[in-house]
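Asker: Provided below are the primary sequence and the corresponding predicted coordinates.
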Amino acid sequence: MADRAPPDAATLWLADDDRGVRFVLAAALREAGLAVREFENGDALLAALGGDAPDLVFTDVRMPGVGGLALLERLHAERPALPVIVMSAYTDIATTAAAYRHGAFDYLPKPFDLDQAVEAAQRALAQRRTSAPPPAAPARDPDLELIGHSPRMREVFRAIGRVAASGLNVLITGETGTGKELVARALHRHSARADRAFVALNTAAIPSELLESELFGHEAGAFTGATRRHPGRFEQADRGMLFLDEIGDMPLLLQTRLLRVLAEGEFYRVGGRELIRADVRVIAATHQDLEAKVARGEFRADLLHRLDVVRIQLPALRERREDIALLAEHFLARAAHEMRLEPKRWSAAALSALAGFDWPGNVRQLENLCRRLAVMAPGREIRPGDLPFDSVVPAPSGEADWTVALRLWAERELALGREKLHTRASGELERVLFDAALKAHDGHRQNAANALGLGRNTLTRKLGSSRPRRR
Ligand SMILES: Nc1ncnc2c1ncn2[C@@H]1O[C@H](COP(=O)(O)OP(=O)(O)OP(=O)(O)O)[C@@H](O)[C@H]1O
């Protein structure tokens, strides 16, 4: 806790139950000229707060006693101007969004670069701020949770957490099936409009002549077949959110009308005279390159600017292969549950084949495959031969198949903050090798040892320690 910082240095209080994290982080922050005081949990920090106050707080989320989010809430209530930076290995959207909602200045997903942490601290100190009161916490539906632990998805979760409560229009881009609608729903659930409607409209799915009345509604008799007054999606989304999917397919004339409505917040139904006001936050999505469409004169630049206040770009699944195994396990289990089938599991080889596939249909394609295999795959364990791909998928960058699986395992364990990876992985490696060698040599230890390039005694000793259950 001793500090060599200059007497006028800004003070930073750091709460984390992991002594190692505290040690390296505090060292880096002191190096950057801050006076750092360390606490092993939120209670200790709160207790110290009576007599003294820091300029900035860094806190972990999961700690025994008062956790990081509760600490944040207390600090925010008592000292709203004090910036708090939340750090966590749990980068699910709920935690990230809760952090921002409770007034966190920033959220650092672990593991982070020390430079990144120092930079965040400096930013926070440079612009201390007061924040708006948090909106009510929305209910969560686990089926709507976005899954992923890749750095690219963590960035997406962070962006959602950051902009959900802001009220800004958002443009979500990404290939088909990457989860754009799911992101839009997450933005809604974590926004101040969560208890109001989320209305979705797929622009590409509706014939262009009907699109205008779908959006803005129509009066009875407005056109042939309009027998009754029909409120449009804009009206339905009043005080809530309107999700315009495939916005790139909207005809130019309607783009002009949409732009005007967004600018003025009011419109007439088709064939109507009554001016309707609607307070709508628009989230738009597209898989197309809208800038290119603007250049070709197919999309209005001013509409793009109005929709594209914040952009969330979703990576293709092949750009975040680390997430494939996690998603595959989730979808396979969910499919079995939904269809009341006996659960199946993935063999390591099948998972590594999945990780090497290109997934042009992205997460939706993987989800559909899992449903199909939950029903069709013959055994309890899904093997590479059960996969419907024509050719054997090459492992990335010439890696052997099993190292791909190992890499996926390591990345996932690290993302989950698990420990002793080396010991656990080495144990597994030996177990698999010894099993295979013994099986190939009918249990003959000398021959198995020869094949492995080990002495018989070494093999026997290792078998004793790695497989206590065996003779
Ligand atoms: N990160 C994720 N975690 C869990 N499920 C996901 C994730 N991303 C996508 N999905 C699932 O994949 C399917 C496709 O997602 P979604 O409809 O949001 O994609 P999209 O990008 O809007 O597709 P399109 O461009 O075709 O409209 C959905 O069933 C969704 O639940």
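Answerer: Received, thanks. Residues are numbered from 1 along each chain as shown.

Asker: Walk me through the domains of the chain.
Answerer: Residue ranges for the domains of the chain, per automatic domain parsing: 11-126, 142-313, 318-415, 421-466.

Asker: any idea how far the first one is from the chain center?
Answerer: How far domain 11-126 lies from its chain's middle: 21 Å, per Cα atoms, centre = their mean, to the nearest Å.

Asker: would a markdown table of the domains of the chain with mean pLDDT be doable?
Answerer: Output for these, formatted as a markdown table (pLDDT from 0 to 100):
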| stretch | mean pLDDT |
| --- | --- |
| domain 11-126 | 86 |
| domain 142-313 | 90 |
| domain 318-415 | 81 |
| domain 421-466 | 85 |
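
Asker: among those, which is nearest the ligand?
Answerer: With distances scored as Cβ to the nearest ligand atom, the stretch of the domains of the chain nearest to the ligand is domain 142-313 (2.6 Å). Placement of C-beta: from N, CA and C, glycine included.

Asker: so, in contact with the ligand or not, that closest one?
Answerer: Yes: Domain 142-313 comes into contact with the ligand (Cβ under 6 Å from any ligand atom), by way of 146-148, 174, 176-182, 245, 287.

Asker: what's the answer for stretch 329-346, then?
Answerer: No: if you take Cβ under 6 Å from any ligand atom as the test, stretch 329-346 misses the ligand, and the best it gets is 6.8 Å.

Asker: Show me the longest helix that occurs in this protein.
Answerer: Longest helix of the chain, by residue count under DSSP state H: helix 421-440.

Asker: With just CA atoms, put it into PDB.
Answerer: Extracted in PDB, the C-alpha atoms of helix 421-440 (Å, rounded to 0.1, in the frame of the first residue of the first chain):
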ATOM      1  CA  LEU A 421      -4.800 -24.800 -17.200                       C
ATOM      2  CA  HIS A 422      -1.400 -26.200 -17.700                       C
ATOM      3  CA  THR A 423      -1.700 -28.900 -15.100                       C
ATOM      4  CA  ARG A 424      -5.200 -29.800 -16.200                       C
ATOM      5  CA  ALA A 425      -4.300 -29.900 -19.900                       C
ATOM      6  CA  SER A 426      -1.000 -31.900 -19.400                       C
ATOM      7  CA  GLY A 427      -2.900 -34.400 -17.400                       C
ATOM      8  CA  GLU A 428      -5.500 -34.800 -20.100                       C
ATOM      9  CA  LEU A 429      -2.800 -35.000 -22.800                       C
ATOM     10  CA  GLU A 430      -1.000 -37.900 -21.000                       C
ATOM     11  CA  ARG A 431      -4.200 -39.700 -20.300                       C
ATOM     12  CA  VAL A 432      -5.300 -39.700 -23.900                       C
ATOM     13  CA  LEU A 433      -1.800 -40.700 -25.200                       C
ATOM     14  CA  PHE A 434      -1.400 -43.500 -22.600                       C
ATOM     15  CA  ASP A 435      -4.900 -44.800 -23.300                       C
ATOM     16  CA  ALA A 436      -4.400 -44.900 -27.000                       C
ATOM     17  CA  ALA A 437      -1.000 -46.600 -26.700                       C
ATOM     18  CA  LEU A 438      -2.100 -49.200 -24.300                       C
ATOM     19  CA  LYS A 439      -5.200 -49.900 -26.400                       C
ATOM     20  CA  ALA A 440      -3.100 -50.300 -29.500                       C
END
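
Asker: List of residues touching that helix?
Answerer: By Cβ atoms under 8 Å, 6 or more residues apart in numbering, the residues outside helix 421-440 that reach it are 406, 409-410, 413-414, 444-445, 448-449, 451-452, 459, 462-463, 466-467.

Asker: just to revisit the earlier point, mind putting the domains of the chain into a markdown table with mean neighbour count?
Answerer: Formatted as a markdown table, these follow (neighbours: other Cβ atoms under 10 Å):
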| stretch | mean neighbour count |
| --- | --- |
| domain 11-126 | 19 |
| domain 142-313 | 18 |
| domain 318-415 | 17 |
| domain 421-466 | 14 |
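
Asker: Do a quick rundown of the strands in the protein.
Answerer: In the chain, the strands defined using DSSP state E lie at 11-15, 35-39, 56-60, 84-88, 106-109, 170-173, 198-202, 241-245, 266-268, 275-277, 281-286, 310-313, 345-346, 381-382.

Asker: Give me the packing partners of the third one, helices and strands only.
Answerer: The elements that strand 56-60 packs onto, with contact taken as 3 or more Cβ pairs under 8 Å, 6 or more residues apart in numbering; DSSP states H and E, are strand 11-15, helix 19-31, helix 42-49, helix 68-78, strand 84-88, helix 114-126.

Asker: same question, the last one
Answerer: Strand 381-382 makes packing contacts with strand 345-346 when contacts are defined by 3+ Cβ pairs under 8 Å, 6+ apart.

Asker: ok, now which ones touch Ala32?
Answerer: For Ala32, the contact set (Cβ under 8 Å, 6+ apart) comprises Val118, Ala121, Gln122.

Asker: swap in Asp358?
Answerer: Contacts of Asp358 by Cβ under 8 Å, 6+ apart are Arg318.

Asker: Just send the strands of the chain back as JSON lines, with distance to Leu421 too.
Answerer: JSON lines is the format used below for those (distance: least, Cβ to Cβ, whole Å):
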{"stretch": "strand 11-15", "distance to Leu421": "26"}
{"stretch": "strand 35-39", "distance to Leu421": "26"}
{"stretch": "strand 56-60", "distance to Leu421": "21"}
{"stretch": "strand 84-88", "distance to Leu421": "20"}
{"stretch": "strand 106-109", "distance to Leu421": "19"}
{"stretch": "strand 170-173", "distance to Leu421": "35"}
{"stretch": "strand 198-202", "distance to Leu421": "41"}
{"stretch": "strand 241-245", "distance to Leu421": "41"}
{"stretch": "strand 266-268", "distance to Leu421": "58"}
{"stretch": "strand 275-277", "distance to Leu421": "58"}
{"stretch": "strand 281-286", "distance to Leu421": "38"}
{"stretch": "strand 310-313", "distance to Leu421": "31"}
{"stretch": "strand 345-346", "distance to Leu421": "20"}
{"stretch": "strand 381-382", "distance to Leu421": "24"}
